[in-house]
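In: with the sequence up front, the predicted model follows.
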Amino acid sequence: MMTSLYGQTAKICVLPNPASLYYNDELRCQAICERNPIETKKAYNEYRGLAHCIVITDGKGSTDDMEDIYQNAFEKLVETVDAGKLPPLTSQLSSWLFTVIKNEWLQWLQTGRRRQTHEDAFGLKYLIDPLSEYMAWTDEHKTLAIQIIVKIFEQVKNPKHRRLLQLHFFRGFTPDETAEELGYESGRVVSKQASQLFSKLKKDILEQFKKNNLI
Amino acid sequence: MKSPLNYLSKDDAERTAFFDAYLNGTLDPSVKATFEQDLADNANLYAELNVHYALRQLIAKDARHTFVKGLRPATTAVDSVSDTTQKPTITLPLWVRSQRMWWAAAASIAVVVAVAAWWLNRPTIVPIMPIPDMAITTQDTTLKVFKTMTGGELGAVPFDSSFTLRELRVQITTNPNETPQYDLEKDMLHLTLQKPTFPQRIEQPTPFSPFFDVTLEGKHYRLVRGQKGLLKDSLY
């Protein structure tokens, strides 16, 4: 039993076993941080009941809404774990996720949208704030800049190239590890291709900025 | 005066590594100071650094998105776009359809047989007989009965006063505004007075123990005052 969004009591809640919460939260965070697929999937499935409770039981939303919202919330969890903010935990992981899912759902209801738009799909607004201030951009300029960045990034359609960028620039794989993972000849090839890809994206974005008189 | 940016390589990999080192805070302090000075003077450089940072974050978010999307159950991992697509229709072979038809017919027959069996063996319901003493409805009669029951006054109840509980209940419930409310519920008799027209309120802690003869049920009950009208099996 738990309090619902609207002050009612949700009668059907599929909650994770409370006995396992305290003991396993840090292990779960560690598994997420290490991208352990089995343990992370277990955690993902374990907390889906929270989203079900908030979105479907209380909010009368659809299963698709629930899955999308839960995916967003879990991405936030992964992001927070990656940033090293969660362990040591100040609260139960389930409580943390419950709050995030609830906020996602409320935002979802407020904006009345099925899918997030490209402009804020990656939460870029705050990332280019320094540049926006430096260049004294208006809101329109800022939106345009975000659209340009996302549009050019989305042009990388090849999954192998995307994976290359992710492993090389985000996951901290060495070039040799990345080469082994993706089947490249050597780590040197990986470094070269990843840097070229990254620089090309950067150049394209800066060119578009200049073309639109943003810089 | 603008720096010639000699320390910045034209090579993609080295340039990327330089920006990464600055963002990670691992750049040599002297180079860092020069670089920051150049950042303040050179808008293009500042924009390049910011785009570099935004792209790094974008890649990270993309990686997380891909990772979490892979965790979704396979049946729900499709985007909402697929909801609008037409689902393929599956045509079952004839032998499966006919087999299903026979099963459906058998199930229907079983249901009909079960309902018929229940109907033939249904429990007989005995109709409730009308109560013969429904006529006692007036206030006078009520008062008379009440006074007789209580011996004219509360507290002076003759031992042999006995009334049919059914009669008492009928006469009282037919005139609820002027008579004491008696309501038999299971083995509880609730007593209240709606209007204080009676000499005394019956709720007062007065010795009051008439005997009721519940003729139809063939049982005797005793009303015990002070216990909120609890009916108990009488020793009478």
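Out: Structure received.

In: residues in contact with the lengthiest helix in chain A?
Out: If each helix of chain A is counted by residues according to DSSP state H, the longest one is helix A:187-211. With contacts defined as CB atoms under 8 Å, 6 or more residues apart in numbering or on different chains, helix A:187-211 is touched by A:145, A:148-149, A:152-153, A:155-156, A:161, A:164-165, A:168-169, A:174-179, A:182, A:184, A:215, B:12-13, B:15-16, B:44, B:47-48, B:51-52, B:55. Any C-beta I mention is one placed from the backbone N, CA and C, and that applies to glycine too.

In: where does the chain have low pLDDT?
Out: In the absence of a named chain, this looks at chain A. In the prediction, chain A carries residues with pLDDT under 70 at positions A:1-23, A:86-91, A:112-123.

In: chain B is the one I meant
Out: Flagging of chain B using pLDDT under 70 yields the residue ranges B:1-5, B:75-96, B:123-236.

In: quick check: residues of it near chain A?
Out: By CB under 8 Å from any CB of the partner chain, the part of chain B that sits against chain A consists of B:12-13, B:15-16, B:43-44, B:46-48, B:50-73, B:76, B:79-80, B:83.

In: repeat that with 7 Å
Out: Chain B comes close to chain A at residues B:12-13, B:16, B:43-44, B:46-48, B:50-65, B:67-69, B:71-72, B:76, B:80, as judged by CB under 7 Å from any CB of the partner chain.

In: now a ChimeraX select for only the buried ones of those.
Out: Listed next is the ChimeraX selection for buried residues among those, using 16 or more other CB atoms under 10 Å in any protein chain shown:
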select /B:12,13,16,46,47,48,50,51,52,53,54,55,56,57,58,59,60,61,62,63,64,65,67,68,71,72
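
In: just the residues of chain B next to chain A: which are in strands?
Out: Judged by DSSP state E, the subset of the residues of chain B next to chain A located in strands is empty.

In: pull out the buried members of the contacts of helix A:187-211.
Out: Neighbour counting over these (16+ other CB under 10 Å) leaves A:145, A:148-149, A:152-153, A:156, A:164-165, A:168-169, A:175, A:178-179, A:182, A:184, A:215, B:12-13, B:15-16, B:47-48, B:51-52, B:55 as the buried ones.

In: now stretch B:30-48: buried residues?
Out: In terms of neighbour count (16+ other CB under 10 Å), stretch B:30-48 has its buried residues at B:34-35, B:38-39, B:45-48.

In: which pair in these spans the largest distance?
Out: Spanning the widest gap among these are B:34 and B:47, at 18.5 Å by CB to CB.

In: what does the helix or strand where residue A:99 lies rub up against?
Out: Element membership of residue A:99 [criterion: DSSP states H and E] is helix A:93-111. Surrounding helix A:93-111, the residues in contact under the criterion CB atoms under 7 Å, 6 or more residues apart in numbering or on different chains are A:5, A:16, A:21, A:25, A:28, A:47, A:50-51, A:54-55, A:59, A:65, A:69-70, A:72-73, A:76-77.

In: kindly report the same for stretch B:109-124.
Out: Stretch B:109-124 is contacted by no other residue when judged by CB under 7 Å, 6+ apart.

In: can I get the CA coordinates of that stretch in CSV?
Out: Written as CSV, here are the backbone C-alpha positions of stretch B:109-124 (Å, rounded to 0.1, in the frame of the first residue of the first chain):
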residue,chain,number,x,y,z
ILE,B,109,-23.7,-27.9,-24.0
ALA,B,110,-21.9,-28.4,-20.7
VAL,B,111,-23.1,-25.0,-19.5
VAL,B,112,-26.7,-25.7,-20.6
VAL,B,113,-26.7,-29.1,-18.7
ALA,B,114,-25.3,-27.5,-15.6
VAL,B,115,-27.9,-24.7,-15.6
ALA,B,116,-30.7,-27.2,-16.2
ALA,B,117,-29.5,-29.5,-13.4
TRP,B,118,-29.4,-26.5,-11.0
TRP,B,119,-32.9,-25.4,-12.0
LEU,B,120,-34.4,-28.8,-11.4
ASN,B,121,-32.7,-29.1,-8.0
ARG,B,122,-33.0,-25.5,-6.9
PRO,B,123,-33.8,-25.0,-3.2
THR,B,124,-37.5,-24.4,-2.4
